[in-house]
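A.B. asks: whatever this is, show me its structure:
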Amino acid sequence: MPKAVGIGGVFFRAANPAGLAEWYQKHLGIDDLHKSVWQQEAGMTIFGPFSKDTDYFGRAEQQWMVNFRVDDLDGLIANLTSSGIAVETRDEWNSEVGRFARIHDPEGNPVELWEPAQG
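C.D. replies: I've put the predicted structure just below:
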């Protein structure tokens, strides 16, 4: 059966698309789409609809949240914090699938960071 084999892109509206692309490149290492196409590492991807009344994303009007798989959550948190970016962690977010943290991009979009559990 033909099927989807991966995520080809995540597209969303922004007040300052070029500035936001630059922010994602600077702080998360995601290639600026105005310069190149980001080649991500192969690995797990979760595609998970949530209930429309979830409070997990933050604001009630928030329709989506992107989750990035990271290779060193503690190191990334240190880099983000030293750049003045607020990072939120909660013990209840962590589980057998790994550890999580949350930041917000300059336009207020929540961004989840996930370091998968080893093994």
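A.B. asks: can you pull out the helices in the protein?
C.D. replies: Assignment of helices within the chain using DSSP state H yields the ranges 17-28, 73-82.
A.B. asks: what comes into contact with the first one?
C.D. replies: So that's helix 17-28. Identification of contacts with helix 17-28 by C-beta atoms under 8 Å, 6 or more residues apart in numbering yields 14, 30-34, 68, 76, 79-80, 83, 85, 105-107, 111. Using the backbone N, CA and C atoms, a C-beta is placed for each residue, glycine as well.
A.B. asks: 10 Å - rerun?
C.D. replies: Helix 17-28 is contacted from outside by 12, 14, 16, 30-36, 38, 66, 68, 70, 76, 79-80, 83, 85, 103, 105-107, 109, 111, 113, using C-beta atoms under 10 Å, 6 or more residues apart in numbering.
A.B. asks: that one to helix 73-82, inter-axis angle?
C.D. replies: Per axes from the mean of the first three to the mean of the last three C-alpha atoms, to 10 degrees, the angle that helix 17-28 makes with helix 73-82 is 130 degrees.
A.B. asks: in CSV, list the helices of the chain along with distance to residue 93.
C.D. replies: Below are those laid out as CSV (distance: least, C-beta to C-beta, whole Å):
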stretch, distance to residue 93
helix 17-28, 18
helix 73-82, 11
